[in-house]
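> compute the structure for the input listed below.
(chains A and B)
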Amino acid sequence: MDPLSHEVSHLVVSMNGRGERQVPMGAVQAITHDVVQLRSSASEILRMPPFAREEYVTLHEVEIPGLERHVHVTPGEVLVPYPELERNVKRRTFFANLTYVTGLFIGLPLVFPVLKFLMKPMYASLDNRWLKIGNIGKVKTDDVGVQFQYKRKVKEAYMPEAEIEKNTWIVKATSSVLEKVYQEKDMEFRDAAGRPIWTNKKDMPYLAFSGKCPHLGCAYKWRKHKVLGQVFLCPCHLSIYDASGKVLDGPAPRPLDLLPIQVSANGDVQIIDMEFKAGTKSQTRIV
Amino acid sequence: MNDTPASGTQPTVAEKVFAFVDERVGLKLLAAKMLNESVPGGSRWAYVFGSILLFIFIMQAVTGVLLMFYYVPTADHAYASTQYILHDVDYGWFLLSYHFWGSSAMVLCVFAHMSQVFLWGAYKKPRELIWLVGLALFALVMGFGFTGYLLPWDQRAYWATTVGVEIMDKMPVLGDFLARFLKGGATPGQMTLSRFFVIHVMVLPAALIALAGLHLFLFRCAGPAGPFRGTPSELKAKTDYFFPRQIWKDVVGMAVVFACISAMAFWEPVVLLDEATPDPGDYHPEPEWYFLFIFQHLRLKMFSGEFGQFLGSMGLPGLLGIMLVLLPFFDRDPERNIFKRPLALIGWVVLTASILLFTVSAIINRDFLD
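Predicted structure coming up:
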């Protein structure tokens, strides 16, 4: 049989002790259930070349895709009886369905606990503590971004308390920049329940920007741009902001995020370390 | 498969063991059936990528298990244990670097394998299911790359994950949940590392083994597609079995890939940056090279703003994914010759060219940032 076309091309005929011959299907006249009748005579068949068995493998030793569906070469079917107890078809269906029901019975009650198990750390409450991040004396020039690096203590689940390094950008803003930022209004920060946490007064000249780019969350830098001059630039996707945090160029969907800031009489700068979801037009606080 | 001992000689121990197993499970028949599969039109070098992918996966599994002998997936020890593997454990630098470059080789070979199937029109009836499972495997491979990248817990790892998860966050409805689910919170930390670790070493391998098995099973059900040109009689004349010619080509391919990965591991061993923190210092975040084109195209002005960003990070890649899934069901023309399928050819060229273009421009862009 041809393994590609599934065409049966020859029959092997045993010549009663005088070897085997390969007879083309064209020479087959009829096949009944126990007799294969050939057109050719025995002497004609004997003149055919002997069958070279070593050039073949059996069906069991070869992979022929879809063979069972296309060709029926079984000489007859071998039937196996159902055991006496298994002959009630209705009961078999019942037990098959019972298997599914049992599966559901085991699986469904597990869905909720497993979800809760996996979701445990997902929604932590927000932290509104003030963090001291340095002294304002570091900021010398107006309308220039100055990076303040600070450490924040984190206690994650079972882990020992650790310090992570973060940064924020402080700008000592001139009145024109302040106006762009506040547009004559104080900026109020509220917690998730809507209670006020802090208000940045519109005439307080220091701005604190979250160090996280509102595009996709990278960390941006204050640097020189060939055309736009001194700007905040994010190296990831090249969003560019001016000293007021406004988007000048690039893919960012909203201005830089302002943080609550206090500057004490002796120059200590404190912020509430907030983070907002990146990539959205509106601010959604996540930290 | 002739292992009957010559008459008069005693069977060796190995032959006895083989005979023992064969008697119980029909090993000879099984092996014969695996090896005797017709390859229509004969073996080809173009068909080697599937086997090579299996080989790369096995090597990734082996090197991955070895790395786990020392690696600790905690925020306070992941970096140190990776440095320990790189600098203190004998040949640790090689095994880790092999694992690292193996992932690149995997992505390249997946691309080659998918391109071959696409260009040969081998996804068409009756092979739609093989294509679908293949797409799922492709997603798993990208998942391996993404989750594995975080494990060394250096700056590169941290920022690639930060940006990658933010991109996932842009998925409608489920995005926020999914991003928090993966991070185990609002920002990357210990929970993220634990999650990425278990996904990388348990969930994805289990899924990949299951789906790769299904992929092979479906492939055996449908049989190889063969070349897209040639009459049945021409194909028949050139047809041979999987063993030995195709296996020979596959083995040569595996050896070449092994040599390439080893060479990369040898000459470009992994070097970690500073330990992960949310303050990157002077480091400019960038994902692994095979994600660079997505990274770069998000820099385009047309993908700015909330909607633009959704379009760039979710919309277009999602659309491409859906198109690939639906491909065998829409493209029902039995014609497989790529030169008679202009739309498919143009589509492949445009996609490949734009991936190359964006990757190269991302690399060029690096210079402007320093």
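
> quick check: B:Ala344 touching B:Arg336?
No - the pair B:Ala344 / B:Arg336 is not scored as a contact, 9.9 Å apart, by Cβ atoms under 8 Å. Yep, even glycine has a C-beta here, placed from its N, CA and C like the rest.

> in the stretch 101-250 of chain B, what residue is nearest chain A?
B:Gly223 (3.3 Å; Cβ to the nearest Cβ).

> so that residue sits against A:Gly66, correct?
Yes - in this structure, B:Gly223 is within contact of A:Gly66 by Cβ under 8 Å, at 7.3 Å.

> in terms of neighbours, single out the busier of the two.
B:Gly223 (20 against 12; other Cβ atoms under 10 Å in any protein chain shown).

> quick check: the gap between that one and A:Met1.
B:Gly223 sits 15 Å away from A:Met1, going by Cβ to Cβ, to the nearest Å.

> residues in contact with the residue of the stretch 101-250 of chain B closest to chain A?
If you count contacts by Cβ atoms under 8 Å, 6 or more residues apart in numbering or on different chains, B:Gly223 has them with A:63-66, B:37-38, B:40.

> let's see that with 7 Å instead.
Contacts of B:Gly223 were listed using Cβ atoms under 7 Å, 6 or more residues apart in numbering or on different chains, and they are A:Pro65.

> so how far is B:Ile209 from it?
Distance from B:Gly223 to B:Ile209, by Cβ to Cβ: 23 Å.

> repeat that for B:Leu235.
33 Å.

> have a look at those two and say which one is more surrounded.
Using other Cβ under 10 Å as the criterion, B:Leu235 and B:Ile209 rank with B:Leu235 on top: 19 against 12.

> how close does that one sit to B:Gly164?
45 Å.

> buried set for the host helix or strand of B:Leu216?
Element membership for B:Leu216 (DSSP states H and E) is helix B:204-222. Buried positions in helix B:204-222, judged by neighbour count with 16 or more other Cβ atoms under 10 Å in any protein chain shown: B:204-205, B:207-208, B:211-212, B:214-215, B:218-219, B:222.

> so what's the residue count around B:Ile363?
Neighbour count for B:Ile363, taken as other Cβ under 10 Å: 13.

> name the nearest residue to it, ignoring sequence neighbours.
B:Leu292 (7.3 Å; Cβ to Cβ, 6 or more residues apart in numbering or on different chains).

> which pLDDT value does the model give the one you found?
Model confidence at B:Leu292, given as pLDDT, is 92.

> kindly report the same for A:Val73.
Looking at A:Val73, its pLDDT stands at 60.

> can you check B:Lys236 too?
Model confidence at B:Lys236 (pLDDT) stands at 87.

> do the same with the one 10 residues further on
According to the model's per-residue confidence, B:Gln246 sits at a pLDDT of 95.

> pLDDT at the closest residue in space to it that isn't next to it in sequence, what is it?
Among residues not flanking B:Gln246 along the chain, B:Ser43 sits closest, at 3.8 Å (Cβ to Cβ, 6+ apart). At B:Ser43, the model reports a pLDDT of 93.

> ok, A:Met48 next?
pLDDT at A:Met48 comes out at 85.

> and for it, the neighbour number?
Neighbour count for A:Met48, taken as other Cβ under 10 Å: 17.

> wait, doesn't it sit right on A:Glu20?
No - checked against Cβ atoms under 7 Å, the pair A:Met48 and A:Glu20 is beyond contact range at 10.0 Å.

> can you give me the strands in the stretch 151-287 of chain A?
Using DSSP state E, counting those that start in this stretch, the strands of the stretch 151-287 of chain A run over A:162-172, A:187-190, A:196-200, A:206-210, A:221-225, A:229-233, A:240-241, A:247-249, A:261-263, A:268-272.

> the stretch 201-350 of chain B now?
B:240-241.

> quick one: name the residues of the stretch 51-200 of chain A near chain B.
Contact residues, the stretch 51-200 of chain A versus chain B (Cβ under 7 Å from any Cβ of the partner chain): A:57, A:60-63, A:65, A:118, A:121-124, A:149, A:154, A:156-157, A:159, A:162, A:164-167.

> which PyMOL command selects the buried ones in those?
Applying 16+ other Cβ under 10 Å to those, the buried members can be selected in PyMOL as follows:
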select buried, chain A and resi 57+61+62+63+65+121+122+124+156+164+165+166+167
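
> from the chain's centre, how far out does stretch B:244-256 sit?
Centroid separation between stretch B:244-256 and its chain, computed with Cα atoms, centre = their mean, to the nearest Å, is 19 Å.

> for it, buried residues please.
The neighbour-count check on stretch B:244-256 (16+ other Cβ under 10 Å) flags B:246, B:249-250, B:253-254 as buried.

> domains in chain A, by residue range?
A:10-70, A:87-119, A:130-272 (automatic domain parsing).

> winner for burial among those?
domain A:130-272 (a mean of 17; mean count of other Cβ atoms under 10 Å in any protein chain shown).

> now the terminal residues of it, how far apart.
Length of domain A:130-272, first residue to last, Cα to Cα, to the nearest Å: 5 Å.

> can you check stretch A:279-287 too?
For stretch A:279-287, the separation between the terminal residues is 16 Å (Cα to Cα).

> and that stretch, what's its mean pLDDT?
Averaging pLDDT along stretch A:279-287 gives 91.

> run a quick neighbour tally on the residue in the stretch 1-150 of chain B positioned nearest to chain A.
Residue of the stretch 1-150 of chain B nearest chain A, by Cβ to the nearest Cβ: B:Ala32 (3.6 Å). Neighbour count for B:Ala32, taken as other Cβ under 10 Å: 19.

> the helix or strand that contains it vs helix B:204-222, what angle?
For B:Ala32, the host element (DSSP H and E) is helix B:27-35. Angle between the axes of helix B:27-35 and helix B:204-222 is 80 degrees (criterion: axes from the mean of the first three to the mean of the last three Cα atoms, to 10 degrees).

> quick one: pLDDT of the closest residue to A:Met1 other than its chain neighbours?
Leaving aside its sequence neighbours, A:Met1 sits nearest to A:Val8 (Cβ to Cβ, 6+ apart; 4.9 Å). Listed pLDDT for A:Val8 reads 83.

> so A:Val8 versus chain B, what's the distance?
15 Å (Cβ to the nearest Cβ, to the nearest Å).

> ok, now A:Arg129?
16 Å.
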